[in-house]
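Visitor: With the input below, show me the fold.
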Amino acid sequence: NFQWYEEDLIAAYGKSRFNTLTNLLSEIRDKPKTVRGAVVRGSAGHIMAKLLLEVNGIPQENLNLVTYNSGGLARAAVAGGVVDFIVISAEGTRGISEYIKPLAIVSERRNPDWDAPTINQALAPLNATTPVLPGSIRGFATTAKFKQDHPQRFARLVKGIQLALNDPELQALLDRSNIGRRWVGPEKAEQTMSTTFEYFKNYSYLLKIQ
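Guide: Residues are numbered from 1 along each chain as shown. As a prediction, this is how the structure comes out:
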């Protein structure tokens, strides 16, 4: 089961001159190497930052992109004004919300927690659209061999997780901790994983651009 879906957020440093995604991308286009961005290396946000340049015909080398090995370091960079913007999980960014300006949510629908348009709404003034890459997804999994060799145990485990997520006490605990509790089941989770893998496979070439 995949129970916790985190959309990516595109946000600027709170005191920066950027108020819209259009402003940000226009300056990257017109003033090469002057805009600094932060992402977690190899993440969906990393690919998204590069995909934004590609769909708008902006050379990759125009952006001064800094890659970090952890979300905490990347968030500290934008909160402190070390970089101009960040593309990272929205949920984990709540703690620095007073230091940033949300520019867009990488989603098909608006997020009630952030005053920001969806990614393609934000791109509309540039007459551009982009695929909506899924952000971080968390859940439970076994090896394929376990499911194949022990189908009854697998079914029992699935039922146990489903029952746990339906428990009101656990639901309240997860809600207080801002942890997702969605039940989608094995089939939907596997489909989501396959779709996500295809996204990363199709756009992984962007991570190889120097």
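Visitor: what stretches of this protein score poorly on pLDDT?
Guide: 209-210 (pLDDT under 70).
Visitor: residue boundaries of the helices in it?
Guide: Ranges of helices in the chain, per DSSP state H, are 21-30, 44-55, 71-79, 119-123, 144-149, 151-165, 168-176, 185-203.
Visitor: what about stretch 166-184, how long is it end to end?
Guide: Distance between the boundary residues of stretch 166-184 (C-alpha to C-alpha, to the nearest Å) amounts to 12 Å.
Visitor: Can you name the residues bridging to Trp4?
Guide: Using DSSP bridges, the bridge partners assigned to Trp4 are Arg138.
Visitor: hmm, back to that, quick one: which of the helices of the chain is nearest Ile100?
Guide: Smallest distance to Ile100 across these (C-beta to C-beta): 6.0 Å, for helix 71-79. The C-beta positions use only the backbone N, C-alpha and C, and glycine is treated the same way.
Visitor: Show residues contacting that closest one.
Guide: For helix 71-79, contacts defined as C-beta atoms under 8 Å, 6 or more residues apart in numbering pick out 11-14, 38-40, 66, 68, 82-86, 88-89, 92-93, 95-96, 99-100.
Visitor: Kindly give a single PyMOL line that selects the buried subset of the residues you listed.
Guide: With 16 or more other C-beta atoms under 10 Å as the burial test, the buried ones among the contacts of helix 71-79 are selected in PyMOL as follows:
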select buried, resi 11+12+13+38+39+40+66+68+83+84+85+86+88+89+92+93+96+99+100
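Visitor: Now, the contacts of helix 71-79 that are in strands?
Guide: Secondary-structure check on the contacts of helix 71-79 using DSSP state E: residues within strands are 11-13, 38-40, 66, 68, 85-86, 88-89, 100.
Visitor: Adding distance to Lys147, write those residues out as TSV.
Guide: Rendered in TSV, the data for those read as follows (distance: C-beta to C-beta, whole Å):
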residue	distance to Lys147
Ala11	39
Ala12	44
Tyr13	46
Ala38	39
Val39	34
Val40	30
Val66	41
Tyr68	35
Phe85	42
Ile86	38
Ile88	33
Ser89	29
Ile100	42
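Visitor: Among the residues you listed, which one sits closest to Gly180?
Guide: The shortest gap between Gly180 and any of the ones in strands among the contacts of helix 71-79 belongs to Ser89, at 11.9 Å (C-beta to C-beta).
Visitor: Many thanks, have a good one.
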